[in-house]
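Trainee: Dropping the sequence and predicted coords here.
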Amino acid sequence: MSDRLLDGRPAIVTGAAGGIGRGHIAHLAAAGAPVVINDLNIEAAQAMADEIVAAGGKAIASAHNIGSREGAEGLVQACIEAFGSVRILVNNAGNLRDRTLLKMTDEEFDSVLTVHVKGTFWCAQAAARAMAEQGSGGAIVNTTSGAHFGSFGQTAYSAAKGAIASMTYTWAMELARHGIRVNAIGPLGTTAMSQTYRDADGKKGDDFDPSMNGPALVYLCSDEAANVSGQIFGTGGQRLSHMVQPHYGKTLIKPDGWDLDALRQHFQTHMPGEFGALGILGKPYPFHGGVHAPEQE
């Protein structure tokens, strides 16, 4: 079985010179894709491009800043100029400004949403417009995270990853008529960015090889995954998990509608038993005993 599933399909990866993005590039290039290695660290991006070219592949480096519309559009144009088209976009670039809600500044919040949400939007829009004009279809893979389930100290990051998940579902519906599939991954990988993360107890997570997300990425970008769009997968480590589409759970119906008296009568009987694991760490629901103000001294 050939492992060059992406022969001749130009691919862009943002934030690609290190960590998870570097692994993506290595696997895409090995599968035959000409690659655009986009990173603000242009020296590292160029060094990787040189390695791929020396090994017989096709690659260019790009320092376009995807935190602006001009940068995103310039990045897509650079791919088209170098390789004739854009067939794959991987929105991988990100940043962190971890801070609890009570301490977060506007600047920290805006910084994360600009790179993750706007950067993903700008790059996807530019690439999708080019793919639609080309008429040959394409694949967009966004990067989300289980952090959007709730992650202590990550207000901005959680919000951004939730937004990206929702955009993924929407774009999959909108772009299907152009032959463009849109999926997302929530990758595992120990990187420079992940080193700042601590859980509510102040502990680091386990170490994971960031390159192990690459095979799933290649598969999602290939024709073998033609029936896969609007889906999110947890990748990396030993796992491949499907992230279930958000949906309503237990629903109570009252024909004449819910007034306050009815809610007081039925809510506590039916709803608290539905409150499952809370947050990215999947801990049991911690608030069955109530959330109360600290005792006043």
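Mentor: Perfect, thanks for sending it.

Trainee: ok, V112 touching L96?
Mentor: Yes. Under the criterion of CB atoms under 8 Å, V112 makes contact with L96 at 7.0 Å. (Glycine included, C-beta is placed from N, CA and C.)

Trainee: What mean pLDDT does the longest helix along the chain get?
Mentor: Longest helix of the chain, by residue count under DSSP state H: helix 155-175. For helix 155-175, the per-residue pLDDT values average out at 98.

Trainee: before we move on, the earlier item: touching both of V112 and L96, which residues are there?
Mentor: Y157 (CB atoms under 8 Å, 6 or more residues apart in numbering).

Trainee: quick one, which of those two is more surrounded?
Mentor: Set V112 next to L96 and count neighbours by other CB atoms under 10 Å: V112 wins out with 24 against 21.

Trainee: hang on, the more buried one in a helix?
Mentor: Yes. Judged by DSSP: H, G, I helix; E, B strand; the rest coil, V112 forms part of a helix.

Trainee: Please tell me how far Y285 sits from F267.
Mentor: Computed with CB to CB, to the nearest Å, the distance linking Y285 and F267 is 15 Å.

Trainee: Next one: the closest residue to Y169 other than its chain neighbours from E295, what distance?
Mentor: Using CB to CB, 6 or more residues apart in numbering and skipping residues adjacent in sequence, the residue nearest Y169 is G230, 5.2 Å away. The gap separating G230 from E295 is 48 Å, by CB to CB.

Trainee: which one of the two has more residues nearby?
Mentor: Per other CB under 10 Å, whichever of G230 and E295 has more neighbours is G230, with 17 against 5.

Trainee: Pretty sure that one sits against A184.
Mentor: No. Contact criterion CB under 8 Å: G230 and A184 do not qualify, at 9.2 Å.

Trainee: what sits in contact with each of these two?
Mentor: T168.

Trainee: re earlier: quick one: the helix or strand just after the longest helix of the chain to helix 155-175, angle?
Mentor: Downstream of helix 155-175, the next assigned helix or strand under DSSP states H and E is strand 180-187. Interaxial angle, strand 180-187 versus helix 155-175 (axes from the mean of the first three to the mean of the last three CA atoms, to 10 degrees): 160 degrees.

Trainee: hey, C-alpha coordinates of strand 180-187 in PDB?
Mentor: Extracted in PDB, the C-alpha atoms of strand 180-187 (Å, rounded to 0.1, in the frame of the first residue of the first chain):
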ATOM      1  CA  ILE A 180     -13.800  21.000   0.600                       C
ATOM      2  CA  ARG A 181     -13.800  19.000   3.800                       C
ATOM      3  CA  VAL A 182     -13.300  20.600   7.200                       C
ATOM      4  CA  ASN A 183     -12.300  18.700  10.300                       C
ATOM      5  CA  ALA A 184     -10.300  19.400  13.400                       C
ATOM      6  CA  ILE A 185      -8.000  17.600  15.800                       C
ATOM      7  CA  GLY A 186      -7.300  18.000  19.400                       C
ATOM      8  CA  PRO A 187      -3.600  16.900  19.500                       C
END
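
Trainee: Use 136 as the first number from now on
Mentor: Right, with 136 as the first residue, what we last looked at is strand 315-322.

Trainee: Next, the angle from the very next helix or strand once past it to strand 315-322.
Mentor: Per DSSP H and E, the first helix or strand lying C-terminal to strand 315-322 is helix 349-356. When the same axes, to 10 degrees is applied, the directions of helix 349-356 and strand 315-322 differ by 160 degrees.

Trainee: For S280, which residues are in contact?
Mentor: S280 neighbours (CB under 8 Å, 6+ apart): 286, 292, 296, 321-322, 415.

Trainee: Equivalent analysis for A164, please.
Mentor: Here A164 is in contact with 170, 187, 190, 192-194 (CB under 8 Å, 6+ apart).

Trainee: Those into TSV, with extra columns for neighbour count?
Mentor: Below are those laid out as TSV (neighbours: other CB atoms under 10 Å):
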residue	neighbour count
V170	32
I187	20
A190	10
G192	18
K193	17
A194	26
